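>>> have a look at this prediction, sequence included:
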Amino acid sequence: MYNAATRGSLRNSLSLSQDEVQNLLDTTTDWTIRFKMPLNRVVKMDDLIRGHVEVNTDTLDDKVLWKRADELPTYHLANIVDDHLMEITEVIRGEEWLPSLPLHYMLYEAFGWTDTMPRFAHLSLLLKPVGNGKLSKRDGDKLGFPVFPLAWKNPETGEVSHGYREDGYFPEAFVNLLAMLGWNPGDDREMFTLDQLVEAFSLDKVQKAGAKFNPDKAKWYNKEYLRLKTTRELTDLFIPVLEDHGCKVVDCPCNALTAGASFEGFGADFTNHIFTREYVEAVVELVKERATFVKDMWDIAAYLFVAPSQFEEFGIKAGAGLPSKPVDPNRPVDPRAKVYDDTKTAPFLAKDVDKFWNPDHYENCFEVCQYISGAEFGFDDLDVYRGTMEADALEHALEDYIKMREYPMGKVMNSLRLALTGAASGLGIAAILSFIGRKEFARRMGYVAERLGRI
């Protein structure tokens with residue numbers, strides 16, 4: 001250690017003559033200026049989070065303040081001078097800077113600035129979600145969450161680290177998350193606007209122990225803030241997502257009709273992928289409670305904009321938006337749970353095809369389709385549903401018909417959902433049909449018969 005105990009025996013301005021020192025200053029560039037720490041002095045400090053702290057200078061080294069080689073001050077000197085000139089009143093920083101606090105106190109004293117010295121607060125570290133230690137970029141890469149507010153590109157390697165903004169987090173959710181890491185308001189509140197945080201925050205409620213980062217809690221915050229937004233606000237945010245996926249949204253249906261669009265059912269042209277804003281708002285209203293991010297609404301309801309016959313063209317994976325189920329260690333993992341590239345089943349989810357696409361199930365689906373849509377699927381003397389295509393009316397009509405025919409309700413519904421969406425889980429059949437309409441219902445049933453076969 002370079003300190004009071006060793007500095008006299010080292011080659012420096014204290015051990016060399018004045019002429020030797022001047023010669024070295026004039027002829028070399030590898031010298032530095034250090035702070036001469038006093039001998040056996042107790043530095044008494046106060047931290048707004050950690051309270052009163054005392055350190056003996058004999059445990060401290062003589063830190064470098066300026067380097068001749070690059071003619072630049074080190075952080076310690078630059079920080080103190082800059083804060084003084086900017087009249088900083090509070091310095092809030094991470095606890096890794098706590099060991100530097102005695103030096104900074106001594107620098108303020110050496111410059112004669114103790115009367116304007118700011119108050120210091122050293123925040124606890126953010127800890128990794130699993131194991132011990134400080135949160136790092138490596139933890140984010142390993143566990144799949146960002147550690148930077150914005151995307152960052154390493155100028156040396158070109159490696160790009162994604163940020164919270166690019167991952168779809170709302171700014172207000174991110175701020176709320178950060179505020180609750182190592183601080184609490186003293187009650188059970190978790191949601192704060194920025195103004196509420198300004199009103200409630202105080203350093204005396206900041207904890208001394210490190211705060212373990214929870215990426216699932218970060219998602220929870222975003223989901224809660226998504227729920228607070230109006231359907232109109234979410235629609236404005238969702239439309240660019242649709243456009244990125246090749247869909248077009250029009251405010252005025254008349255303009256789309258003039259351009260050649262042909263709307264069927266409720267404001268949707270599945271051939272040209274043109275949709276009215278009213279249609280998009282209705283989709284958002286239906287699925288927003290299931291979404292954590294705005295982009296999730298595409299994964300959840302892509303089939304309300306693109307038929308399974310075009311999934312590959314649009315890069316859609318059936319069932320991609322379904323929530324992951326807890327893994328049961330006592331049951332073997334289904335090897336086909338997320339298989340999309342099976343040439344026999346794509347674009348339909350393989351495990352659902354295995355389970356539901358057989359004559360005992362799908363023939364009932366074609367009969368239901370003929371009953372609802374009026375399209376011909378080979379069932380003679382079958383009455384056709386004449387009611388509206390609103391979800392409530394359709395739900396009653398479907399249930400009444402399936403019960404009347406004594407078909408297994410769950411199997412018929414799952415098989416229908418597989419045919420319409422590519423997977424057996426998801427939104428309710430009546431809701432889906434209320435969006436896509438009779439003709440698209442019949443088209444999708446025709447495609448699944450062609451793709452998966454029908455005896």
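That came in fine, so what should we check first? Numbering: from 1, shown residues only.

>>> what about the stretch 351-455 of the chain, any weak spots by pLDDT?
Scanning the stretch 351-455 of the chain for pLDDT under 70 picks out 455.

>>> the helices in it, which residues?
For the stretch 351-455 of the chain, the helices defined by DSSP state H, counting those that start in this stretch occupy 359-373, 391-404, 409-421, 429-452.

>>> buried stuff in the second one?
Buried residues in helix 391-404, defined by neighbour count with 16 or more other Cβ atoms under 10 Å: A391, L394, E395, A397, L398, Y401, I402. C-beta here means a position set from N, CA and C on the backbone, and glycine is covered the same way.

>>> kindly reformat those residues as JSON lines containing distance to T235.
What follows is those, written out as JSON lines (distance: Cβ to Cβ, whole Å):
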{"residue": "A391", "distance to T235": "19"}
{"residue": "L394", "distance to T235": "24"}
{"residue": "E395", "distance to T235": "25"}
{"residue": "A397", "distance to T235": "29"}
{"residue": "L398", "distance to T235": "28"}
{"residue": "Y401", "distance to T235": "34"}
{"residue": "I402", "distance to T235": "34"}
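
>>> now do the strands in the chain.
With strands called from DSSP state E, the chain shows them at 32-34, 42-47, 51-56, 64-67, 72-73, 90-94, 119-123, 126-127, 152-153, 160-161, 211-212, 248-250, 268-269, 274-276.

>>> who are the contact partners of W31?
Contacts here follow Cβ atoms under 8 Å, 6 or more residues apart in numbering; on that basis W31 touches L24, L25, R68.

>>> from those residues, which is closest to E367?
Nearest to E367 out of those is R68 (Cβ to Cβ; 89.6 Å).

>>> verify the contact between that closest one and T27 for me.
No. R68 lies out of contact with T27 (Cβ atoms under 8 Å); the separation is 11.2 Å.

>>> tell me which of the two has more neighbours.
Neighbours were counted for R68 and for T27 using other Cβ atoms under 10 Å; R68 has more, 14 against 7.

>>> now the more buried one: how far from I33?
Applying Cβ to Cβ, to the nearest Å, the value for R68 to I33 is 8 Å.

>>> residues in contact with the residue lying closest to A302 once chain neighbours are set aside?
Once flanking residues are discounted, A302 sits nearest to I316: 4.8 Å by Cβ to Cβ, 6 or more residues apart in numbering. By Cβ under 8 Å, 6+ apart, the residues touching I316 are A302, Y303, V306, Q310, P347, G422.

>>> what's the nearest residue to the second one if we skip its chain neighbours?
In this structure, Y303 finds its nearest non-sequential neighbour in T421, 4.2 Å apart by Cβ to Cβ, 6+ apart.

>>> same check, this time on the fourth one
Leaving out its chain neighbours, the residue that sits closest to Q310 by Cβ to Cβ, 6+ apart is I316, at 8.0 Å.

>>> so which of the strands of the chain comes closest to E440?
Smallest distance to E440 across those (Cβ to Cβ): 7.5 Å, for strand 268-269.

>>> by contact count, what packs against that closest one?
Counting contacts by 3 or more Cβ pairs under 8 Å, 6 or more residues apart in numbering; DSSP states H and E, strand 268-269 packs against strand 274-276, helix 429-452.

>>> now do that strand, average pLDDT.
For strand 268-269, mean pLDDT is 92.

>>> stretch 157-177 too?
On average, stretch 157-177 scores 91.

>>> convert the C-alpha atoms of it to CSV, please.
This file holds the C-alpha atoms of stretch 157-177, laid out as CSV (Å, rounded to 0.1, in the frame of the first residue of the first chain):
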residue,chain,number,x,y,z
THR,A,157,-16.9,-5.8,-30.3
GLY,A,158,-20.0,-4.6,-32.0
GLU,A,159,-22.1,-6.7,-29.6
VAL,A,160,-25.5,-5.2,-29.1
SER,A,161,-27.2,-5.5,-25.7
HIS,A,162,-31.0,-5.0,-25.8
GLY,A,163,-32.6,-2.4,-23.5
TYR,A,164,-35.9,-2.1,-21.6
ARG,A,165,-37.2,0.3,-24.1
GLU,A,166,-36.5,-1.9,-27.0
ASP,A,167,-38.0,-4.9,-25.2
GLY,A,168,-41.3,-3.1,-24.9
TYR,A,169,-41.3,-1.8,-21.3
PHE,A,170,-43.2,1.4,-20.6
PRO,A,171,-41.1,4.2,-19.2
GLU,A,172,-43.4,4.6,-16.2
ALA,A,173,-43.2,0.9,-15.4
PHE,A,174,-39.4,1.0,-15.6
VAL,A,175,-39.2,4.0,-13.3
ASN,A,176,-41.6,2.4,-10.8
LEU,A,177,-39.5,-0.8,-10.9
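
>>> just to revisit the earlier point, and the helices of the stretch 351-455 of the chain as JSON lines, adding distance to A320?
Conversion of these to JSON lines gives the following (distance: least, Cβ to Cβ, whole Å):
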{"stretch": "helix 359-373", "distance to A320": "23"}
{"stretch": "helix 391-404", "distance to A320": "24"}
{"stretch": "helix 409-421", "distance to A320": "11"}
{"stretch": "helix 429-452", "distance to A320": "16"}
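
>>> just the ones you listed: most buried one?
Greatest average neighbour count among the helices of the stretch 351-455 of the chain goes to helix 409-421 (a mean of 23), per mean count of other Cβ atoms under 10 Å.

>>> against E399, how distant is the residue nearest to A302?
I316 is 29 Å from E399, by Cβ to Cβ.

>>> T6 too?
Going from T6 to E399 by Cβ to Cβ gives 87 Å.

>>> between the strands of the chain, which gets nearest to G182?
So among the strands of the chain, strand 211-212 is nearest, using Cβ to Cβ, at 3.9 Å.

>>> which elements pack onto the closest one?
Short answer (3+ Cβ pairs under 8 Å, 6+ apart): strand 211-212 packs on strand 126-127.

>>> for this structure, give me the ranges with low pLDDT.
Applying pLDDT under 70 to the chain flags residues 8, 256, 259, 264-265, 324-342, 455.

>>> any idea how it splits into domains?
Domain segmentation of the chain under automatic domain parsing yields 7-123, 128-214, 229-305, 350-452.

>>> got those as CSV, with distance to P323 columns?
CSV is the format used below for the domains of the chain (distance: least, Cβ to Cβ, whole Å):
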stretch, distance to P323
domain 7-123, 35
domain 128-214, 16
domain 229-305, 8
domain 350-452, 9
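
>>> quick one: closest of those domains to T343.
For T343, the closest of the domains of the chain is domain 350-452, at 10.4 Å, according to Cβ to Cβ.

>>> ends of that closest one, how far apart?
One end of domain 350-452 sits 11 Å from the other (Cα to Cα, to the nearest Å).

>>> likewise stretch 121-133?
Distance between the boundary residues of stretch 121-133 (Cα to Cα) amounts to 21 Å.

>>> distance between that stretch and the chain's centre?
Taking Cα atoms, centre = their mean, to the nearest Å, one finds stretch 121-133 lying 20 Å from the centre of the chain it belongs to.
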